[in-house]
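J.: Provided below for reference: sequence and predicted model.
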Amino acid sequence: MTAETAEHLTVSAAPEPRFVLRWHAGWAAGVILAGLALAIGLPRSIGWAVPALGVGLIPSLAAAALWRRDNAEMRNLVLLAWVVCGALACGLSGGVAGPLAIWCAAPMVAAVVLGGTRRLAQGAALSLLAVALVALTQADGRLAAAPTGQADLGLGLIGVTSIAVGLAAALLAAHRRAVQAGEAQAAGEAQLREVLNQQPHLIMTLDRAGRVENVYGAAWGAPLSTGRLMEDGLPAIAEETERAGLEAALASAAADGHAAMTFRLTGAKDIWLAADIRRAPDGRLVAVLRDATAERLRETALDQARADAEALNIGKSRFLANMSHELRTPLNAIMGFSDIMRQRMFGALPSRYSEYADLIHDAGAHLLDLINDVLDMSKIEAARYELSLEWLDAREPVQAALRLMRLQADDAGVQLRGVLPSQPLDIEADRRALKQITLNLVSNALKFTPKGGLVTVSLHSQAGALELAVADTGVGIAAADLERLGRPFEQAGDSAREGKGTGLGLSLVRAFAELHGGEMVIESRLGEGTAVTVRLPIAEFQEAAQRQGPGAEPAPFVGESGGGKVIAFNPQR
């Protein structure tokens with residue numbers, strides 16, 4: 001139904017102000033003409049007849065004065081005027097036995113005029129109220145005497161005629177409005193039905209038993225004709241293997257209020273339909289069917305592309321894993337022979353050859369580290385990396401990594417400090433992975449910390465998790481680069497800094513943390529430094545404080561680091 005039709009029906013529910021004004025004007029004109037005729041024809045016997053007729057003009061004059069401000073309050077005020085004036089006119093003409101007693105029914109007629117037939121019962125109650133008022137006044141003996149003779153007959157004729165003509169006009173107007181409202185509703189329903197039939201989807205209503213009642217929209221040919229839907233029902237249009245699912249969707253919508261399903265149209269292998277089913281307030285179901293073929297094809301293509309990409313990625317990871325194994329064998333030989341030459345096991349070498357042997361050994365070691373990183377990452381991506389879990393003191397692999405990194409810290413002129421608890425931190429983890437996490441984080445920190453800077457490695461437990469944090473006073477990381485870090489082969493900074501590694505260090509740290517069920521968090525500010533925290537869940541701690549007893553003073557762990565010191569101490573001291 002359109003907005004214009006709805007507005008027309010709303011207006012038609014109550015009489016228009018212009019009709020109300022015309023009706024009251026007609027009433028006033030009729031009463032005035034009748035009063036003039038009575039005054040001219042029977043001037044000596046009318047008594048209080050003319051004043052009684054004048055009182056009957058007051059509601060008409062009130063309606064004429066207030067019609068521009070037409071609203072519910074104004075109409076109630078005019079209706080109240082009809083009650084009072086109708087009772088007063090009846091009282092001035094002799095009461096309930098007088099010729100104008102029928103004017104006590106004027107409020108009922110006015111109610112039909114002001115509110116249509118829906119206010120007829122209200123008008124009848126107000127007319128009874130007017131009769132009661134006249135009867136009470138008549139019992140006190142305060143009524144004027146009724147006219148006699150021809151005046152009585154004339155007033156009675158005026159009262160009956162005015163009420164009859166007014167009521168007939170009001171009822172005819174109400175009937176005309178009802179007809180117009182019905183026509184407008186029918187036109188609105190026809191327009192709505194036309195719109196529903198022209199929309200691209202298929203809309204249908206189903207009764208409580210699931211039978212199709214109405215179908216709107218253009219069907220998709222013979223497999224989905226309106227007649228078949230009406231005869232066989234909605235589940236019959238689905239492929240046989242999917243009918244049970246569609247029936248379950250209908251039952252779910254009837255119980256829960258909503259259900260949705262995508263199914264293949266029977267008799268058309270390349271057409272998919274999406275059904276959206278909702279429960280109406282009266283318990284019936286409303287189903288909307290739309291063509292979902294393009295969406296289904298797109299989803300199928302995306303699923304295939306995703307499967308192909310995953311297969312390629314797995315193949316790449318397997319290739320890297322296999323190649324890494326093949327490369328490690330000759331590299332180990334190169335490093336072994338170069339190490340023999342460095343140690344002069346078979347005699348002295350010329351100085352130039354000795355320098356070359358050192359370079360070969362360093363390059364081989366660096367290349368082996370890169371290959372090990374690629375091997376670990378490829379195993380992780382191929383879901384072939386298995387953790388070797390064991391109960392261990394988390395301080396041990398961290399301390400071992402710090403000892404390995406002391407020479408690199410001395411060469412870089414960076415102070416390396418460790419902050420470890422003095423009591424064991426028992427955790428079930430992979431010893432090699434935990435050591436590798438520490439090595440990678442410290443190595444990154446040393447690369448990007450200038451000479452004279454500080455790298456701090458801390459280890460502690462907090463909120464049921466083991467936290468390993470490596471903080472530096474280096475160059476920091478820009479906010480735009482933070483989002484990329486942690487993905488394989490992603491590096492931060494300019495090309496000069498990116499050349500310092502392959503970008504696998506942080507990605508391996510993240511992967512090892514996630515394999516343990518933990519996470520890696522990076523916090524950095526450009527020019528101020530970076531802090532990387534790895535949180536691993538802890539299954540069980542040994543209660544070192546209870547073993548020591550209250551007031552015990554734990555001793556710090558101190559390890560030598562070449563020219564400097566790697567100090568691990570209790571942060572609570």
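T.: All right, it came through fine.
J.: okay, residue 345: pLDDT?
T.: Looking at residue 345, its pLDDT reads 79.
J.: surely it forms part of a helix?
T.: No. Looking at residue 345 with DSSP: H, G, I helix; E, B strand; the rest coil, it is coil, so not inside a helix.
J.: neighbours around it, how many?
T.: Using other C-beta atoms under 10 Å, residue 345 has 8 neighbouring residues. Placement of C-beta: from N, CA and C, glycine included.
J.: what's it sitting at in phi/psi?
T.: phi -70, psi -30 (degrees, to the nearest 10).
J.: again, but for residue 315
T.: Torsion angles, degrees, to the nearest 10, at residue 315: phi -60, psi -40.
J.: ditto for residue 57
T.: Per degrees, to the nearest 10, the backbone of residue 57 is at phi -80, psi -20.
J.: ok, now which ones touch it?
T.: 28, 31, 32 (C-beta atoms under 8 Å, 6 or more residues apart in numbering).
J.: so what does residue 205 have for phi and psi?
T.: phi -110, psi 140.
J.: do residue 422 as well
T.: Dihedral angles (degrees, to the nearest 10) for residue 422: phi -80, psi -20.
J.: and it, how many neighbours?
T.: Neighbour tally, residue 422, other C-beta under 10 Å: 18.
J.: again, but for residue 116
T.: 19.
J.: counting neighbours, which of the contacts of residue 57 comes out on top?
T.: Busiest of the contacts of residue 57 [other C-beta under 10 Å] is residue 31, holding 20 neighbours.
J.: pLDDT score for that residue?
T.: pLDDT at residue 31 comes out at 78.
J.: and the next element down the chain from the host helix or strand of it?
T.: Counting by DSSP states H and E, the element that carries residue 31 is helix 17-41. For helix 17-41, the following helix or strand on the C-terminal side (DSSP H and E) is helix 49-55.
J.: and that next one, how far out from the chain's middle?
T.: Relative to the mean C-alpha coordinate of its chain, helix 49-55 is positioned 70 Å out (C-alpha atoms, centre = their mean, to the nearest Å).
J.: could I get it in PDB with only the CA atoms?
T.: What follows is helix 49-55 as a C-alpha-only set of coordinates in PDB (Å, rounded to 0.1, in the frame of the first residue of the first chain):
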ATOM      1  CA  ALA A  49     -40.800  28.400  20.400                       C
ATOM      2  CA  VAL A  50     -38.600  31.000  18.800                       C
ATOM      3  CA  PRO A  51     -36.100  31.200  21.700                       C
ATOM      4  CA  ALA A  52     -36.000  27.400  21.700                       C
ATOM      5  CA  LEU A  53     -35.100  27.400  18.000                       C
ATOM      6  CA  GLY A  54     -32.500  30.100  18.600                       C
ATOM      7  CA  VAL A  55     -30.800  27.800  21.200                       C
END
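J.: show me what the helix or strand following that helix is packed up against.
T.: Next in sequence after helix 49-55, counting helices and strands by DSSP H and E, comes helix 58-66. Packing partners of helix 58-66 (3 or more C-beta pairs under 8 Å, 6 or more residues apart in numbering; DSSP states H and E): helix 17-41, helix 72-92.
J.: quick one: residue 201 and residue 286 touch, right?
T.: No. Distance between residue 201 and residue 286: 11.8 Å, which falls outside the contact criterion (C-beta atoms under 8 Å).
J.: that older thread, and the helices and strands packed on helix 58-66: which comes nearest residue 158?
T.: Of all the helices and strands packed on helix 58-66, helix 17-41 sits nearest to residue 158, with 4.4 Å by C-beta to C-beta.
J.: report the angle between the closest one and helix 58-66.
T.: Computed by axes from the mean of the first three to the mean of the last three C-alpha atoms, to 10 degrees, the angle separating helix 17-41 from helix 58-66 equals 140 degrees.
J.: show me where the stretch 251-400 of the chain has strands.
T.: Using DSSP state E, counting those that start in this stretch, the strands found in the stretch 251-400 of the chain span residues 258-264, 272-279, 285-291, 389-393.
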